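In: kindly return the folded structure for what I paste below:
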Amino acid sequence: MCMSKMLFLPSIGSLLLLFWTCATNQTPESQLPDQPDVESDSLFLNPIHTHGPDPWVFQTEGQYFLTFTTGVNVTLYRSSEMSNLSGAFKKVIWTPPSTGPNSQNIWAPEIHRVHGKWYVYYAADDGNNENHRMFVLENSHEDPMAGQWVDSGELKLPDNRWAIDGTIFEHEDQLYYLWSGWEGVTNIRQNIYICKMSDPLTPTGKRVLLTSPELSWETNGVIPTVTEGPQMLKKDDRLFIVYSAGGCWTDGYTLGMLSARKDADLMDPASWEKSPQPVFIQNPEGNAFGPGHNGFFTSKDGTEDWIIYHANGFAGQGCGNKRSARIQPFLWKDDGTPDFGQPHPLYQKLTKPSGEY
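Out: Below you'll find the model as predicted:
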C-alpha cells in the first residue's frame, strides 16, 4: 500500500484521485530486482545447541569438531558451519564401561589433534566424586569419525589428586596440560594447575599452581570455591588462560583471565598476571545467566575470532542440561588483550561467522 495511515476523504473525486496517484507511483512486482534474503543468508540465532554444557570446538581443514558434556558418553559433532548445527554429523565415539574408575560422570570432553593423532581428554569417576580424574582416548585414523577410539586409561597427573576440565596445548615445541584440581583430598577449593607433557599421554615433572579463587567474584560466596575450565588463547606475543569461576550452580559463574608473555616461563606462577575484574559476566536482560566454560575458534576465512560458551536462559537453573551452547565474535583492545563484551542476548540475531554466508 502507498499509505500507512487511514485518512478521512470528503469526496468521491478525491478518493479516485488518491487511487490514481497510488497506481502511478507503484512499480509492478515483475519489474522489481531480486533482493537477497539477508536474514536467511547472513544471520543466525543462539543457542547453537539447546543442551550444550561445557562446549568445546576444534577446527581443522574447514571442519569444526564439537563436544559437550552428556554425562554418559562422548558424543562428537562435525560441521562445516558453526552457526548451524542442524546438519552436523553426530556420533557417539565412546561409551564408558559399566563399572570402574571411568564409568560415570563423564564431564567436559575435549578433542585435540596432536602430533598426527586424535585425542579426547575427559573427566570421569566411579560414581564417587572424590575419585574424579582425567582420562584419555586416542584414534590414529585421519578422520575422528572413523577408525577406532581406544581407551588409553587415566592420564597420570602429578600428585594423583581430584582433577577435571583438562586441556592440552603446545608452545615453543613443548606440550603443556592445564586442569582444575584439589590441593589435597578434601573438596575445599578448585585451583588451576599446569604441568609439562613429554607426549600426549605422559605428564612429566611437578604440577604447578597457577591461580586459586581469591577475588570476590571468584569466590562468589560459595563453598567450595571454584576456578575451573582453563582454556588457552594466543595472540601475537601474549598468551592468555581464560578460566571459569564462581561455581557453575550460581548465576554469578563468570570468566576470568591470566596473561603472560610468549617468551615467559609458563611454569612460573609469577609469569602470569591475573585480571582483577572478570572478563565475561552474566547478562540477565539478555537471558544469559552463569556464562562460562568456554572455548575459542576462528571464522572459516580466518578473519574473525569467536568464543563458544554455555549459559542458562533463566536465573537459578544451575549446572544441568538447561545450559545451552552459544557463540559470538570478540575483538581485541589496544593493549593486546581480548574484549569479549557481554553475552549476546538470547534469540537476538547475530551475523554468521565470516565465510559461512
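In: okay, now the unreliable bits of the stretch 151-300 of the chain?
Out: Within the stretch 151-300 of the chain, no stretch has pLDDT under 70.
In: all helices for it, in order.
Out: Using DSSP state H, counting those that start in this stretch, the helices of the stretch 151-300 of the chain run over residues 216-219.
In: now do the strands in it.
Out: 163-171, 174-182, 189-199, 202-211, 225-235, 238-245, 254-261, 273-274, 289-298 (DSSP state E, counting those that start in this stretch).
In: quick one: list the elements packing against the fifth one.
Out: If you count contacts as 3 or more Cβ pairs under 8 Å, 6 or more residues apart in numbering; DSSP states H and E, strand 225-235 packs onto strand 163-171, strand 174-182, strand 189-199, helix 216-219, strand 238-245, strand 289-298. In this view, the C-beta of every residue, glycine as well, is placed from N, C-alpha and C.
In: can you add distance to residue 42 and mean neighbour count and give the strands of the stretch 151-300 of the chain back as JSON lines?
Out: Below are the strands of the stretch 151-300 of the chain laid out as JSON lines (distance: least, Cβ to Cβ, whole Å; neighbours: other Cβ atoms under 10 Å):
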{"stretch": "strand 163-171", "distance to residue 42": "32", "mean neighbour count": "21"}
{"stretch": "strand 174-182", "distance to residue 42": "36", "mean neighbour count": "22"}
{"stretch": "strand 189-199", "distance to residue 42": "38", "mean neighbour count": "20"}
{"stretch": "strand 202-211", "distance to residue 42": "39", "mean neighbour count": "16"}
{"stretch": "strand 225-235", "distance to residue 42": "26", "mean neighbour count": "21"}
{"stretch": "strand 238-245", "distance to residue 42": "28", "mean neighbour count": "25"}
{"stretch": "strand 254-261", "distance to residue 42": "28", "mean neighbour count": "21"}
{"stretch": "strand 273-274", "distance to residue 42": "38", "mean neighbour count": "15"}
{"stretch": "strand 289-298", "distance to residue 42": "18", "mean neighbour count": "24"}
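In: thinking again about what came up before, which one of the helices and strands packed on strand 225-235 lies nearest to residue 67?
Out: When those are compared by Cβ to Cβ, strand 289-298 sits nearest residue 67, at 9.5 Å.
In: re the thing from before, between the strands of the stretch 151-300 of the chain, which gets nearest to residue 81?
Out: Of all the strands of the stretch 151-300 of the chain, strand 289-298 comes closest under Cβ to Cβ, at 11.6 Å.
In: measure how that closest one sits relative to strand 163-171, angle-wise.
Out: Relative orientation of strand 289-298 and strand 163-171, computed by axes from the mean of the first three to the mean of the last three Cα atoms, to 10 degrees: 30 degrees.
In: direction included, what does strand 289-298 pair against?
Out: strand 305-312 (antiparallel) (DSSP bridges).
In: just the CA trace of the strand it pairs with, in CSV.
Out: Output of strand 305-312 as CSV, limited to C-alpha atoms (Å, rounded to 0.1, in the frame of the first residue of the first chain):
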residue,chain,number,x,y,z
ASP,A,305,37.8,-14.6,16.5
TRP,A,306,34.9,-16.2,18.2
ILE,A,307,34.1,-17.5,21.7
ILE,A,308,31.9,-20.5,22.4
TYR,A,309,30.4,-20.9,25.9
HIS,A,310,27.4,-22.1,27.8
ALA,A,311,24.8,-20.2,29.8
ASN,A,312,21.4,-20.6,31.3
